[in-house]
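A.B. asks: Next one to model:
(one chain, ligands or ions: 2)
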Amino acid sequence: MCAEKTILVTGGAGFLGSYLCERLLEAGNDVLCLDNFHTGSRNNIRHLMDDYRFELIRHDVTVPICAEIDEIYNLACPASPVHYQIDPVQTVRTNVHGAINMLDLAMRANAKIFQASTSEVYGDPAVHPQVEGYCGNVNPIGPRACYDEGKRCAETLFFDYHRQYGVDIRMARIFNTYGPRMRPDDGRVVSNFIMQALRGEPITLYGDGMQTRSFCYVDDLIRGIMALMDAPATMPMPCNLGNPVEFTMRQLAETILDLTGSRSELTVRPLPQDDPTQRQPNISRAREHLGWAPTIELREGLQRTIAYFERELSSPARVQQP
Ligand code: NAD
Ligand code: UDP
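C.D. replies: Numbering: from 1, shown residues only. Ligands and ions are numbered 1, 2, ... in the order given. Prediction:
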């Protein structure tokens, strides 16, 4: 069968990127997966390695690269606050130099390019739920800024390359997404709570646990990303993608305790600096222009994710490795 397109996925060995590679292959495309394994893993893409249309390129997006491609999905960047704060300068470089390199490549190859932006561009939002027109409330010198401001600068670059050079861009502001293939040591709340519950360890609730997030299951999100890439260039950009059902972290902990049957206690830890107090996407734009909305409810998605972590824990050979 003839491939439909040749598509570059940066960050393709990560949590979201590995699902995207999988779905793009299923749709009949050739996929180049570019990753430096900073937070990604070969385990995430091992099942794709035998597919002749799949190619792994071990490379850092901060270094320019040449490739003959039709489309680029730019996902390279650690997404967990724990991981992106380990080397904040590299996080900025990945976001900014990575965006420039991928946009230059898109321009040379005449390729359409998608940017994985984030709800973090809204910072600690004063507007709730968050609409795309809201410009955000970000502390530019805080510990989260390497990620938030890095992503904001990447957004600027995408729009400037579009206006100045006519590059065909798509951009999603992705809200908290979870599912199987998150790293057990990822550090984000869903994987932390599930691992703690399964191990019978205390559940680490930061602050009073009344801060909110809205969690999207990975399958829903990947469907949204691919629909956005295929949307006409006239579609207003950027586009929020996330599940608009909002929960407190305390509710999330209680739901995970209920689903796992764990007797773990809740233990309170200090709230990290600049931790947003509330977050919920307004997804009217995605509904109207893509006909997209999430379908998987939190309890259902958590059950699937818990089953994954149970399998990981019971099979040491599958422990995450680079
Ligand atoms: P992840 O950490 O699992 O994946 C990121 C991938 O990028 C990893 O495979 C990592 O090794 C790779 N990477 C990092 N720096 C790189 C570099 N310099 N060169 C090449 N590869 C590099 O995170 P994820 O949850 O899959 O997130 C993927 C993208 O989606 C990120 O850009 C993130 O900002 C964005 N996003 C994710 C969420 C979410 O909830 N998962 C929310 C908002 C935005
Ligand atoms: N959080 C928590 N316990 C944890 C990890 C995170 O209470 O073990 C909280 C964190 O303070 C934040 C929310 O859960 O309010 C979501 O955190 P996460 O790191 O998953 O994502 P982000 O803050 O980037 O939305």
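
A.B. asks: Give me the phi and psi for Arg93.
C.D. replies: Per-residue torsions, Arg93: phi -60, psi -40 (degrees, to the nearest 10).

A.B. asks: residues contacting it?
C.D. replies: Applying Cβ atoms under 8 Å, 6 or more residues apart in numbering to Arg93 gives the contacts Thr62. Heads up, the C-betas are built off the backbone N, CA and C, glycines and all.

A.B. asks: That one and Thr118: what is the separation?
C.D. replies: 17 Å (Cβ to Cβ, to the nearest Å).

A.B. asks: Quick check: Ala126 is in a helix.
C.D. replies: No: counting by DSSP: H, G, I helix; E, B strand; the rest coil, Ala126 falls outside a helix, being coil.

A.B. asks: and it, how many neighbours?
C.D. replies: A count of nearby residues for Ala126, using other Cβ atoms under 10 Å, gives 11.

A.B. asks: List the residues that contact it.
C.D. replies: Neighbour list for Ala126: Asn137 [criterion: Cβ under 8 Å, 6+ apart].

A.B. asks: any idea how far it is from ligand 1?
C.D. replies: Distance of Ala126 to ligand 1, computed by Cβ to the nearest ligand atom, to the nearest Å: 20 Å.

A.B. asks: Could you do Gly166 as well?
C.D. replies: Applying Cβ to the nearest ligand atom, the value for Gly166 to ligand 1 is 24 Å.

A.B. asks: With Tyr84 instead?
C.D. replies: For Tyr84, the distance to ligand 1 - Cβ to the nearest ligand atom - is 8 Å.

A.B. asks: thought that residue was touching Val92?
C.D. replies: No: if you go by Cβ atoms under 8 Å, Tyr84 and Val92 don't touch, sitting 9.6 Å apart.

A.B. asks: Tell me which of those two has more neighbours.
C.D. replies: Applying other Cβ under 10 Å to Tyr84 and Val92 shows that Tyr84 carries more neighbours, namely 27 against 21.

A.B. asks: list the residues that contact both of Tyr84 and Val92?
C.D. replies: Cys146.

A.B. asks: how about the residues of this protein near ligand 1?
C.D. replies: By the rule Cβ under 6 Å from any ligand atom, the part of the chain lying against ligand 1 is 10-11, 13-17, 35-40, 60-62, 75-79, 94, 98, 116, 118, 174, 176-177.

A.B. asks: Could you turn the buried ones of these into a ChimeraX selection?
C.D. replies: Entered in ChimeraX, the line below selects the buried ones among the residues of the chain next to ligand 1, by 16 or more other Cβ atoms under 10 Å:
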select :10,11,13,14,15,16,17,35,36,38,39,40,60,61,62,75,76,77,78,79,94,98,116,118,174,176,177
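
A.B. asks: which ones among the residues of the chain next to ligand 1 are found in strands?
C.D. replies: Secondary structure from DSSP state E places 10, 35, 116, 118, 174, 177 of the residues of the chain next to ligand 1 in strands.

A.B. asks: Specify the beta-bridge partners of the last one.
C.D. replies: Note on Thr177: beta-bridge partners by DSSP bridges are Cys216.

A.B. asks: Next: the fourth one.
C.D. replies: Thr118 forms beta bridges with Ile174, as assigned by DSSP bridges.
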